[in-house]
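Visitor: Give me a model of this one.
(one chain, ligands or ions: 1)
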Amino acid sequence: MKNLLCEIERNIALVTVNRPKSLNALNPETLTELIALFQQLAEKEELVGVIFTGSGDKAFVAGADISDMQGYDVFAGREFGRLGHRAMDAVASLPVPVIAAVNGFALGGGCELALACDIRICSDNAKFGQPEVNLGVIPGFGGTQRLPRLVGTGQALELMLTGDMIDAQEASRIGLVNRVVAQDELLAHCFGIMEKIAQKGPIAIKLCKEAVASGIEMDLARACRNEVDLFGVCFASEDQNEGMKAFLEKRQAKFKGC
Ligand code: DAK
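Guide: Have a look, this model is predicted:
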């Protein structure tokens, strides 16, 4: 891979977009690499989760690569939009949790990439925005859909229609990020969350993610039936037996992920 780094330690993958000269902007090559990498990660049975970040201390991802997009015609624009959606879906549909460690600018496609992750933690220098209208386009990697679902239509539309950037504190206030931490503590904080997740039953973790991701697309009654089914599935696992037995025996559970 030319544009992404991936290191796996204690079954936690740290994926870094590594194009610091263009503030980690997403060009077609990077998006293609991202899709292939997440397909590989999805097949790793032991994987606990992924932490996603950007190279350097200035940017998470400053958006889709404007120098690439500038010359697109309608067909190339649509292809690029499709590729971006495939990449965001590859992140969102990974069976295990993905945390965005937002270490600076998360603009346009960069904000949309953070939105495709399950949890967003940012450093105190982070800045968020959907500045596409400044360029004469609309958000094209899912921002018009994932942002309002996360922060509500009013906050989302204000960001999209003004193109304004907001700082970390404001992003936290509107619920775009879970937490703001000092920049030099960002990765350790995200690893801390993953280590906590690693202690839980892996099947339950995956089913939690599935229940939320599939349920949010349904009406409440169907989503609740879906939850009931997935809750039932837990009882086919040894982890459920072990988790409840360990509680009653007042000891730490030893989950096997089966
Ligand atoms: N693309 C390409 N290069 C970028 C870039 C980007 N998004 N952002 C920054 N760079 C490059 C700069 O051009 C500069 O390159 P050199 O001049 O050094 O060669 C280098 O990164 C450093 O940037 P600056 O010199 O500008 O650094 P500053 O600290 O002064 O400013 C900034 C940082 C993040 C505020 C500024 O760079 C900036 O405003 N960047 C653009 C942010 C932006 O507008 N992002 C949204 C991109 S649009 C769609 C598909 C996709 C999309 C939409 C539609 N369809 C198919 C429908 C997605 C759109 C977007 O994401």
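Visitor: how many neighbours does the residue nearest to residue 165 when sequence neighbours are not counted have?
Guide: Spatial nearest neighbour of residue 165, excluding adjacent residues (CB to CB, 6 or more residues apart in numbering): residue 129 at 4.0 Å. C-beta coordinates here come from the backbone N, C-alpha and C atoms, glycine included. Neighbour count of residue 129, defined by other CB atoms under 10 Å: 22.
Visitor: Get me the contact residues on this structure for the ligand.
Guide: 22-23, 25, 62-67, 77, 80-81, 84, 105, 107-109, 131-132, 135, 137, 139-141 (CB under 6 Å from any ligand atom).
Visitor: elements contacting the longest helix seen in the chain?
Guide: Among the segments of the chain that qualify as a helix by DSSP state H, the longest is helix 74-92. Helices and strands touching helix 74-92, by 3 or more CB pairs under 8 Å, 6 or more residues apart in numbering; DSSP states H and E, are helix 28-42, helix 66-69, helix 109-116.
Visitor: which residues touch the helix or strand just after it?
Guide: Following helix 74-92 in sequence order, the next helix or strand is strand 98-102 (DSSP states H and E). Around strand 98-102, the neighbours that count as contacts under CB atoms under 8 Å, 6 or more residues apart in numbering are 49-53, 60, 91-92, 106, 113-114, 116-123, 126, 128, 177, 186-187, 190, 193-194.
Visitor: Of the residues of the chain next to the ligand, just the buried ones, PyMOL syntax please.
Guide: Buried subset of these, written as a PyMOL selection, criterion 16 or more other CB atoms under 10 Å:
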select buried, resi 22+23+25+62+63+64+65+80+81+84+105+107+108+109+131+132+139+140+141
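Visitor: Just the buried residues of the contacts of strand 98-102.
Guide: For the contacts of strand 98-102, buried by 16+ other CB under 10 Å: 49-53, 60, 91-92, 106, 113-114, 116-123, 126, 128, 177, 186-187, 190, 193-194.
Visitor: With mean pLDDT as added columns, please give the helices and strands packed on helix 74-92 in JSON lines.
Guide: Formatted as JSON lines, the helices and strands packed on helix 74-92 follow (pLDDT from 0 to 100):
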{"stretch": "helix 28-42", "mean pLDDT": "98"}
{"stretch": "helix 66-69", "mean pLDDT": "94"}
{"stretch": "helix 109-116", "mean pLDDT": "98"}
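Visitor: Output those as CSV; include the columns distance to residue 226.
Guide: Formatted as CSV, the helices and strands packed on helix 74-92 follow (distance: least, CB to CB, whole Å):
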stretch, distance to residue 226
helix 28-42, 21
helix 66-69, 38
helix 109-116, 21
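Visitor: tell me the most buried of the ones you listed?
Guide: Greatest average neighbour count among the helices and strands packed on helix 74-92 goes to helix 109-116 (a mean of 29), per mean count of other CB atoms under 10 Å.
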